[in-house]
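K.L.:
okay, sequence plus prediction incoming.
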Amino acid sequence: MIIMWRARVSDWDSMHPQKEIAEIVVSALESAIAADALPQVGDVTATVERPKNAEHGDYSTSVALALASSMRMAPREIASKITDAVAPSSMVCDVSIAGPGFINFRLDDDWLRSQIHVIRESGVEFAHLDMGAGQRVQVEFVSVNPTGPLHIGHVPGAVIGNGIANILDAAGFDVQREYYVNDAGNQMRIFIESAYVRFLQAQGKDAELPAESYPGEFVVEIGKELYEEFGNDLDGMDADGVMSVIGPQALSKTLANIRATLSRMGIEYDKWFSEQSLVSGDDFDESLELLKERGYIAEREGALWFLGTKMGLESDSVIIRSKERGPSYFGTDIAYHYNKFLKRGFDRVINVWGADHHGHVARMKAVVDSLGVAPERLTIILNQIVNFKSGDELVSFGKREDNFIAADELMDAVGPDACHYIFLERTPGTHMEFDIDLAKAESSDNPVFYVQYAHARLCAILRAAVEREIEFEDGDVSLLTMDRELALMRRLNELPDMIARAAEMLEPHHMPHFAYEVARELQRFYEACRVISSDPADAELTKARLLLVDAARIVLAGTLNIMGMNAPERM
RNA sequence: GCGCUUGUAGCUCAGUGGAUAGAGCGCAGCCCUGCGAAGGCUGAGGUCGUGGGUUCAAAUCCCGCCAAGCGCGCCA
């Protein structure tokens, strides 16, 4: 029988400490079995993890405990056979057995010190992986109906989507960021009708908003702008004619508004994909044809249905409502995913949705499956709806209401960097509460500023070195022997592990947590170790510490950038 | 009613089936005649919603119950 080894880190080529340790363990295990020191057994799953307690070393595996029952041996005995077979490595200085049978690994101090040079030579790319091996991944996020500005409820999805895209990028995927523009359908029609009425009102004509409308101030502004643009030029046309002219204008104004807000957050898209283009082009018809061939389409009650029940869903869903009323949102979404997978050929697609869309998840997976695409290639990340509080008041929001707080207002109040940090910090599944007042009031006590301050402080030290004309390129890192120095180096070298984990699990919240830990380790180092000393006897130590400071700056700035944040040199 | 998600310190939240469950804020203290005190250190604070089960090992996996949020449209 063959041992199947599955470390948390699966199959990719690039190296990071956790994976290298996993490989050391695998080959030790295999050679112990080959030498008949250990019996052959079936599949086993074990992980290499980072122990909570620093006394247990830098990495640890419980594989011996996991193998105990199938090997019918005492865990510590298995552990001892494995450690006997461990090949020497420059990265690891100590392998020991502890407790009930854990195998603990300690990183070698010289290896840690040499990584300072690696980090400084490669920059943050030292931590970039080729997990993705160039696989094409699309991340679609925000995709809010273009019927008004983004409000605060849209910010978490924007931040999370951007964070996931950035982390996948760092892990070696070929990432495309996309915004799906719902420029077709009912909501768009209502929006354009509202814009039309506001346009008439701007002209000074009598007009009433229809029962279903967007009453917000934003559409009034659009009406005014349209009036400035067209004046009374369209007076001879009927309502439909006017709407066909001003509709696209209103849409592009709204999109420009949304794009500006996102851009202010440092979020840029590779593609803004039009829903309308699915219907006006071939995608809608082709996707339908394919589903029909595969037997998932039926016509009844004057509508065209997707037979979700054939895929184990609770009900079927309407694709085309009627000849006159056209495709449903779900219908175009089928075409959209057909386009993503079968037209554009993405290997993986990640959709970031608000949790209020969770009812749509199973349906979409079923659609992808019935199109003949493995459903695992589609990942849908749901971010829970955030409750925004102001004092004790719950802030409600909604496009159709006029009382929403705009995303821009949140940026004014808290700042884009804090938004990235705060919304990345929580796992998407948590039902989080966000107190706007608290975020403003505590801004100077925020972890956001703690992390950025640490970076600014490093820059201040490096500036001081420049002022004093200290050349430290030839510094000797072997002088760095203090606990705080080594602890900092350990932390810096976790960056590749963190990226691997965040990318594999699609969990961007590891980034702010890591950034915080780096900042904390830096502040401790700063307290304990004077970097620039005026004592000539310390000249060499100063140079060595400056090298470490520079490496730390690279790691911290790089992490902040992956999070979509700035790394300020001064605050 | 059915489904999805969540329940961990006073509050906001981390926690990869592993070793003594952590952080921030708040609270009680201590620490600058030097590189940025937006900092460092110490302490108090927990029946991991609850009851069973699986396992050498459960906050973590499974089942029941309780509570909260969301969804259950020919809206998007």
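P.N.:
Here it is on my side, so go on. Residues are numbered from 1 along each chain as shown, chains lettered A, B, ... in the order given.

K.L.:
my guess is residue A:385 meets residue A:354, correct?
P.N.:
Yes. Taking Cβ atoms under 8 Å as the definition, residue A:385 is a contact partner of residue A:354 at 6.1 Å. (Each C-beta comes from the backbone N, C-alpha and C, glycine too.)

K.L.:
identify the contacts common to those two.
P.N.:
Common contact partners of residue A:385 and residue A:354 (Cβ atoms under 8 Å, 6 or more residues apart in numbering): residue A:153.

K.L.:
these two: which is more packed in?
P.N.:
Applying other Cβ atoms under 10 Å to residue A:385 and residue A:354 shows that residue A:354 carries more neighbours, namely 18 against 14.

K.L.:
report how many residues lie close to the residue in the stretch 251-400 of chain A that RNA strand B sits nearest to.
P.N.:
Nearest residue of the stretch 251-400 of chain A to RNA strand B: residue A:359, at 2.5 Å (Cβ to the nearest atom of the strand). Other residues lying near residue A:359 total 8 when counted by other Cβ under 10 Å.

K.L.:
then residue A:39?
P.N.:
Neighbours of residue A:39 under the rule other Cβ under 10 Å: 14.

K.L.:
per-residue confidence at it?
P.N.:
pLDDT, residue A:39: 92.

K.L.:
so it touches residue A:67, yeah?
P.N.:
No. Applying Cβ under 8 Å, one finds residue A:39 not in contact with residue A:67, separated by 9.3 Å.

K.L.:
please see if the helix or strand containing residue A:353 touches RNA strand B.
P.N.:
Assigned by DSSP states H and E, residue A:353 falls within strand A:348-354. No. Counting by Cβ under 7 Å from any atom of the strand, RNA strand B has no neighbours in strand A:348-354; the shortest distance is 7.8 Å.

K.L.:
what pairs with that strand, parallel or antiparallel?
P.N.:
Paired with strand A:348-354 in the same sheet, following DSSP bridges, are strand A:136-140 (parallel), strand A:378-383 (parallel).

K.L.:
which of these sits most buried?
P.N.:
strand A:136-140 (a mean of 23; mean count of other Cβ atoms under 10 Å).

K.L.:
on that earlier part again, now the strands paired with strand A:348-354 in TSV, with mean pLDDT and distance to RNA strand B?
P.N.:
Listed next are the strands paired with strand A:348-354 as TSV, based on pLDDT from 0 to 100; distance: least, Cβ to the nearest atom of the strand, whole Å:
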stretch	mean pLDDT	distance to RNA strand B
strand A:136-140	98	14
strand A:378-383	95	7
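
K.L.:
so can I have a markdown table of those strands showing distance to residue A:168?
P.N.:
Formatted as a markdown table, those follow (distance: least, Cβ to Cβ, whole Å):
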| stretch | distance to residue A:168 |
| --- | --- |
| strand A:136-140 | 6 |
| strand A:378-383 | 11 |
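
K.L.:
next, the residue of the stretch 251-400 of chain A closest to RNA strand B: secondary structure please.
P.N.:
helix (DSSP: H, G, I helix; E, B strand; the rest coil).

K.L.:
over to the one 4 residues further on?
P.N.:
Residue A:363 carries the three-state label helix when classified by three-state DSSP.

K.L.:
what do residue A:39 and residue A:67 both touch?
P.N.:
Common neighbours of residue A:39 and residue A:67, using Cβ under 8 Å, 6+ apart, are residue A:73.
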